[in-house]
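**Q** Requesting a structural model of the entry that follows:
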Amino acid sequence: MAVRVPLRLRSGEGRDLDTVAVLNGGFEVEVPHLLLPAPCAERLIPGFRRDAVLRQYQAAGATPLPLYRLLKTLFVCVLVGKREGPTTQLHVLVSETERELLVSDSGIDALRIRIEGFRPGRWRLAGEKRIWKTSRAHLW
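**A** Residues are numbered from 1 along each chain as shown. The predicted structure is shown next:
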């Protein structure tokens, strides 16, 4: 079972978007990244393609994937109950084919998320005892 967490995304232009993302430890990158489906990116950053770089990225066992790399970062925090967790900046890739947001391995760490169990879909914030259940998928 995937572990999904509720997130609040903030653009530098002041747009906010609440959604859900899959925590993907296999999305291995040196700096924290978030992969957005194109409709999500368009809602948060209208016209994002104008200022993005289209590149081919290699995924595990797959043919190269064309992804847009945004030059701007997003401010991201986990929504924990009725409050926001710590906010961090994540680099952004955008997919024309993906339907769910994905948080990279280093993004999971930057958001201070600790996975407690994949099969039951449980997670918590570092330094906190409360364990949360996985959220329902938000498909774009």
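
**Q** only C-alpha atoms for contact and neighbour calcs from this point on.
**A** OK.

**Q** Helix or strand with the lowest mean pLDDT in this protein?
**A** Ranked by mean pLDDT, DSSP states H and E, the weakest helix or strand in the chain is strand 52-57, scoring a mean of 90.

**Q** who touches L70 in this structure?
**A** Counting by C-alpha atoms under 8 Å, 6 or more residues apart in numbering, L70 touches 48, 51-53, 91-94.

**Q** Buried residues of stretch 8-27, list them for me.
**A** By 16 or more other C-alpha atoms under 10 Å, the buried positions in stretch 8-27 come out as 8-11, 16, 19-24, 27.

**Q** and it, how far out from the chain's middle?
**A** In terms of C-alpha atoms, centre = their mean, to the nearest Å, the centre of stretch 8-27 is found 5 Å from the chain centre.

**Q** sorry, back to before: from the chain's centre, how far out does the very next helix or strand once past the least confident helix or strand of the chain sit?
**A** Next along the chain after strand 52-57, taking DSSP states H and E as the criterion, comes strand 65-70. How far strand 65-70 lies from its chain's middle: 14 Å, per C-alpha atoms, centre = their mean.

**Q** picking up where we left off before, present the buried residues of stretch 8-27 as TSV; the columns should include distance to R119 and secondary structure.
**A** Converted to TSV, the buried residues of stretch 8-27 look like this (distance: C-alpha to C-alpha, whole Å; DSSP: H, G, I helix; E, B strand; the rest coil):
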residue	distance to R119	secondary structure
R8	25	strand
L9	27	strand
R10	30	strand
S11	33	coil
D16	31	strand
T19	22	strand
V20	18	strand
A21	17	strand
V22	14	strand
L23	13	strand
N24	14	coil
F27	19	coil
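
**Q** Flag whichever of those residues scores worst on pLDDT.
**A** Ranked by pLDDT, these bottom out at F27, which has 68.
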